[in-house]
Structures are given as structure tokens and as C-alpha cells.
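Coordinates for the following, if possible.
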Amino acid sequence: MSPIETTVVLVVVIGAAAVLVKSFSRDGSSRARAGEVDPVDALLAEVSGADPDTAGETVAVTDEGWAFVPDGHEVALVPHRLAGGGEDPAAGFDAGPDPHGPGGGGGRFEVGELIGARVRRGDPNHDPWRLEALGRDGDYRAWFFVTEEAAQAAFDLLNRRIVRPLRDEDGELRPPTAAEFEDARRIEEETERALDAPDEP
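Now for the predicted structure:
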């Protein structure tokens, strides 16, 4: 084969390779735009047991060691060590109180179970950051966090997957007001004090 023929063959091979690479690249980007799961991510998820649709989401951990973990269309509260968090000092205890109460423990949230949520500054010595939520019946729920970032991550997860505000008489979405949060919190605290009070003789 002459030098000219060799050059022509090399140019053709390089051109074909470039077309193939561009084709695969375009296919991958269009798949990403369409929201499809990458085959590699799906395989890794199958091996690890993770949900490939939630692989990039942040796991928020309360000050008691409970992790907010996306699970399909729901959100689960599990001990941090079971969420892949390793040996977190706050995670070395058994499942604690009801997840629907202040500082609650493990549980699962379904879509629409909460009608509103917000992040508030708490007592620096007790609950530096607090994620508050209201259930369908206006019942108060709260979880405590050491950092604002963790509280915000949990809020974003619940707000995106679980929180569904009620609708008013005109069919418009009506998120709970600050006053409704405060009233629900006051009722919760009064109920707790009544339950903790010693019985009358």
C-alpha cells in the first residue's frame, strides 16, 4: 500500500471513529435531557440496592441521628448508620419515638401526608435549627438539626416529594400561614405538658 493510500485509510478510520464518538455522546446527552436513567447508574444502583432516580439527592440527618432518605415516591426516616452514614455517634441507638412528634424517630412519609413545612431558628443550646411541618389535620411535627444546611436539605426533600398544600374554596393552593404553624405548635406543647403533669389525687 502506497503512502497516499495509507493516509487516506487513516483519515477514513479517524473520521468514522469521530462520528461514532459524537453519536454516543449525543445519545447520552439526549437520554439525560429525557430524564432516563443511565445504564451504568442503573447497574450501580442494582448492585448497591440504591434507587437510581435518587442517587444524587442529599441525605439530611437530625441531631438524634435519624436520616431523611428518599425511597421511591416516599421519604423514609432511618437510623443514619442504615442510610450509609457509617459510625455516626448520634446514630448508635434503637428506633425512638413516633416520627410525627417533635424530634421523632423512624418512620415513612407518603405523598400528601404533610400540607406544609418550614425551617426555623431554634434554641442554640437545644435545637439550633428546626424543621417544622403540619399534617393533613393540622397536627404539628418537628425535627431538630445541628446545622441550617441539614435542616434545609430535609425541608427540600419533604417539600419536593411529600408536602401538598390544601386548596381553598376557589381551588387555589393555600400553604399554611405562620400563625397556623404557631397555633399548632402551641397546642402540641400544651398537650405534652398535660400528659407530663402528675395525676390529680
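
CA only for contacts and neighbour counts going forward, please
Will do.

For R118, what is the enclosing helix or strand?
Element membership for R118 (DSSP states H and E) is strand 114-121.

what's that strand packed up against?
When contacts are defined as 3 or more CA pairs under 8 Å, 6 or more residues apart in numbering; DSSP states H and E, strand 114-121 packs onto strand 129-135, helix 148-161.

which one of the ones you listed is the most hemmed in?
Of the helices and strands packed on strand 114-121, the one with the most neighbours on average (mean count of other CA atoms under 10 Å) is strand 129-135, at a mean of 24.

which helices and strands sit right next to that strand?
Looks like strand 129-135 contacts strand 114-121, strand 140-145, helix 148-161, helix 178-196 (3+ CA pairs under 8 Å, 6+ apart).

angle of the shortest one against strand 114-121?
The reference is to strand 140-145. 40 degrees (axes from the mean of the first three to the mean of the last three CA atoms, to 10 degrees).

Run me through the strand neighbours of strand 140-145, direction for each.
The pairing partners recorded for strand 140-145 under DSSP bridges are strand 129-135 (antiparallel).

Contacts for the strand it pairs with next, please.
113-123, 140-148, 151-152, 154-155, 176, 181, 184 (CA atoms under 8 Å, 6 or more residues apart in numbering).

What's the PyMOL line that selects buried ones from these?
To isolate the buried subset of the contacts of strand 129-135 in PyMOL, counting by 16 or more other CA atoms under 10 Å, use the following:
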select buried, resi 113+114+115+116+117+118+119+120+140+141+142+143+144+145+146+147+148+151+152+154+155+176+181+184
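
which residues does V61 bridge with?
Counting by DSSP bridges, V61 is bridged to A67.

isn't it right next to F68, touching?
Yes - using CA atoms under 8 Å, V61 is in contact with F68, at 6.3 Å.

who touches both of these two?
Common contact partners of V61 and F68 (CA under 8 Å, 6+ apart): A154.

on that earlier part again, CA atoms only: put the strand holding R118 into CSV for me.
The C-alpha trace of strand 114-121 is given here as CSV (Å, rounded to 0.1, in the frame of the first residue of the first chain):
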residue,chain,number,x,y,z
LEU,A,114,-47.9,16.9,55.1
ILE,A,115,-49.6,20.1,54.0
GLY,A,116,-46.7,22.5,54.8
ALA,A,117,-43.2,22.7,56.1
ARG,A,118,-40.7,25.4,57.1
VAL,A,119,-37.2,25.8,58.6
ARG,A,120,-36.9,27.9,61.7
ARG,A,121,-34.1,29.0,64.0
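
so what's R108 up against?
Contacts of R108 by CA under 8 Å, 6+ apart are 74-77.

That one falls within a strand, correct?
Yes - membership of R108 in a strand is supported by DSSP: H, G, I helix; E, B strand; the rest coil.
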